[in-house]
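>>> Here you go, sequence then predicted model.
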Amino acid sequence: MSLKNVRFEVMKFLEKDVDSLIEKYLIPVDSIWQPTDFLPNSEGATETFFEEVREIRELSKELPYDFWVVLVGDMITEEALPTYESWLMDVEGVDQVSNGGNPWSKWVKQWTAEENRHGDVLNKYLYLSGRVNMKEIEKTTQHLIADGFDIGTDRDPYKNFIYTSFQELATYISHNRVAKIASQSGNKQLGKMCKIISGDEMRHHHAYSEFVERIFKVDPSQMMMAFQYMMKQKITMPAHFLRESGDKISTAFEEFSNTAQRIGVYTSKDYVDILQKLIDRWEIDKITGLSDDAEKARDYLMKLPERMIRLADRIKIPENSYQFKWVEPATSK
């Protein structure tokens, strides 16, 4: 049987568990937070609404240029959700057509519905803050969705679930660190907003990690090989094609990454830390019944964090901020 067919059969076998995993990791619409819980209420008393907007704009003055670049980059990444949903809907074993779709397509749709709130609330907050150029941000967002992405997983569910396990933890770290910076500056509402987004990302990380755990139990060798493959090629961030208006080939993602590292929101050491957390969570040192190639893959993975941390220690981040079109000049406060 081909690898593709084996993966399809494994996904079919695990379908029976998906509904219980949805119940475990996703929150019903009537119970979960909504963007309006964190934004000024535009309904009713007009003066109260404008007072709340004025407060947002005043507090926004206290946060530095690099912070706004990271918040904008995080928001644009969240707003490119249509790309991520369409990619996951095409994964082997996810069927959105036959008989109204299978449990895996149900997961993708409900996961997408939760994720959609993140870009929504951040977009509205940025619009109200007065600190950013929304038209340039909107152009970048449209470019990112139009350009799509290639995360190197093809339609392989094993590789895709490795990717999402990693990426959801990375976004947790980023939103959580942004929350801390905002709160420490006195912007408690923005801090709470980013903190609750990070909580969603952690839940989703646990879900995708459990998908991988379950695959390890039924197809350990191929899951190990998929893990090695993804870490050899490196996890590509979903916004790696980020570009500003007028740019065909852009350094925007590199500069956004530099900014995030410079203020400690997401660093190369965090990348290594996530890898180690996944190795520990999946207990890959204890998995039995591996083929010779999978044993070699495990050896590679076990040694990888130590090798990568040495490389991370050598990375030098530019001290000066790159001037994005999204945010007013760094000299302004």
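Right, received. Where do you want to start? Quantities reported herein were computed from a predicted structural model and do not represent experimental measurements.

>>> excluding its backbone neighbours, what's nearest L242?
F253 (4.0 Å; C-beta to C-beta, 6 or more residues apart in numbering). (Each C-beta comes from the backbone N, C-alpha and C, glycine too.)

>>> so which helix or strand takes in the one you found?
Element membership of F253, judged by DSSP states H and E, is helix 252-262.

>>> elements contacting that helix?
With contacts taken as 3 or more C-beta pairs under 8 Å, 6 or more residues apart in numbering; DSSP states H and E, helix 252-262 sits against helix 65-79.

>>> tell me which strands and helices the helix it packs on is in contact with?
Packed next to helix 65-79, using 3+ C-beta pairs under 8 Å, 6+ apart, are helix 103-129, helix 134-147, helix 157-184, helix 252-262.

>>> can you give me the angle the last one makes with helix 157-184?
The one in question is helix 252-262. Calculated by axes from the mean of the first three to the mean of the last three C-alpha atoms, to 10 degrees, helix 252-262 forms an angle of 50 degrees with helix 157-184.

>>> out of everything not next to it in sequence, what's closest to the residue nearest the centre of the chain?
Per C-alpha atoms, centre = their mean, the C-alpha nearest to the average position across the chain is that of T171, at 4.1 Å. Of all residues not flanking T171 in the chain, E201 sits nearest, at 4.5 Å (C-beta to C-beta, 6+ apart).

>>> Checking my notes, that neighbour in a helix, right?
Yes: assigned with DSSP: H, G, I helix; E, B strand; the rest coil, E201 falls within a helix.

>>> ok, back up a step: deepest in the core, which of the helices and strands packed on helix 65-79 is it.
helix 157-184 (a mean of 22; mean count of other C-beta atoms under 10 Å).

>>> by how many degrees do it and helix 103-129 diverge?
Using the same axes, to 10 degrees: helix 157-184 against helix 103-129 is 30 degrees.

>>> Run the chain-centre distance for helix 157-184.
5 Å (C-alpha atoms, centre = their mean, to the nearest Å).

>>> For that helix, name the packing helices and strands.
Applying 3+ C-beta pairs under 8 Å, 6+ apart, one finds that helix 157-184 makes contact with helix 3-25, helix 65-79, helix 81-89, helix 188-218, helix 220-233, helix 268-281.

>>> again, only using 10 Å
helix 3-25, helix 65-79, helix 81-89, helix 103-129, helix 188-218, helix 220-233, helix 252-262, helix 268-281 (3 or more C-beta pairs under 10 Å, 6 or more residues apart in numbering; DSSP states H and E).
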